[in-house]
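Participant: sequence and predicted structure below; questions after.
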Amino acid sequence: MTESILDSTKKVLGLDAGYTAFDPDVIMHINSALSVLNQLGVGPEMGFMITDSSSTWDEVLETDINYNIAKSYVYLRVRMLFDPPNTSFLNKALEDQLRELEFRLSIHRESQYWEDPNTGEEVAVGSVIDGGGPHDL
């Protein structure tokens, strides 16, 4: 999974990796998508941004293969911003797909860590959240 975020996104957009005319636009949209992923709790806690083709998916997704759908998510977000569909039917289909991926990413993250809505603290799944400790089980 050491592939370049920029190059792989350009590939699914139909752009050759060597063609750099649209790189600033694509990079801007990739960074927007990565910001949304960060808000969903995916990727490094401090967020992540790319500036060129040297950034890889490993840097964002680390070793959790369950986050591979984040690649599709970034592509779809970039596609919607960089090259939006011409028809409302395709636009709705892509928006629905984005919502499903957001849901699945959130479900996976929450299966590992859950944020207590009362305190905002992240709690490991399986931990006691009522103030007791593991010895109380």
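Facilitator: Cool, the structure landed. Numbers count the residues shown, from 1 in each chain.

Participant: separation between the most centrally placed residue in the chain and residue 16?
Facilitator: Using Cα atoms, centre = their mean, the residue of the chain that lies closest to the mean C-alpha position is residue 37, 3.6 Å off. Using Cβ to Cβ, to the nearest Å, residue 37 is found at 26 Å from residue 16. Backbone N, C-alpha and C define where each C-beta goes, glycine included.

Participant: what about the longest helix in this protein?
Facilitator: If you go by DSSP state H, the chain has its longest helix at helix 88-112.

Participant: and it, average pLDDT?
Facilitator: Helix 88-112 carries an average pLDDT of 90.

Participant: which neighbouring elements make contact with it?
Facilitator: Applying 3 or more Cβ pairs under 8 Å, 6 or more residues apart in numbering; DSSP states H and E, we find helix 88-112 packed against helix 69-82.

Participant: let's see the helix it packs on as CSV, backbone CA atoms only.
Facilitator: This file holds the C-alpha atoms of helix 69-82, laid out as CSV (Å, rounded to 0.1, in the frame of the first residue of the first chain):
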residue,chain,number,x,y,z
ILE,A,69,-12.2,2.1,1.4
ALA,A,70,-10.8,5.5,2.3
LYS,A,71,-9.0,5.4,-1.0
SER,A,72,-12.4,5.2,-2.8
TYR,A,73,-13.7,7.9,-0.6
VAL,A,74,-10.9,10.3,-1.5
TYR,A,75,-11.3,9.5,-5.2
LEU,A,76,-15.1,10.1,-5.1
ARG,A,77,-14.7,13.3,-3.1
VAL,A,78,-12.1,14.5,-5.6
ARG,A,79,-14.2,13.5,-8.5
MET,A,80,-17.2,15.4,-7.2
LEU,A,81,-15.1,18.5,-6.8
PHE,A,82,-12.7,18.2,-9.8
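
Participant: and for the closest residue to residue 51 other than its chain neighbours, the neighbour number?
Facilitator: The shortest distance from residue 51 to any non-neighbouring residue, by Cβ to Cβ, 6 or more residues apart in numbering, is to residue 27 (6.9 Å). Other residues within reach of residue 27, judged by other Cβ atoms under 10 Å, total 21.
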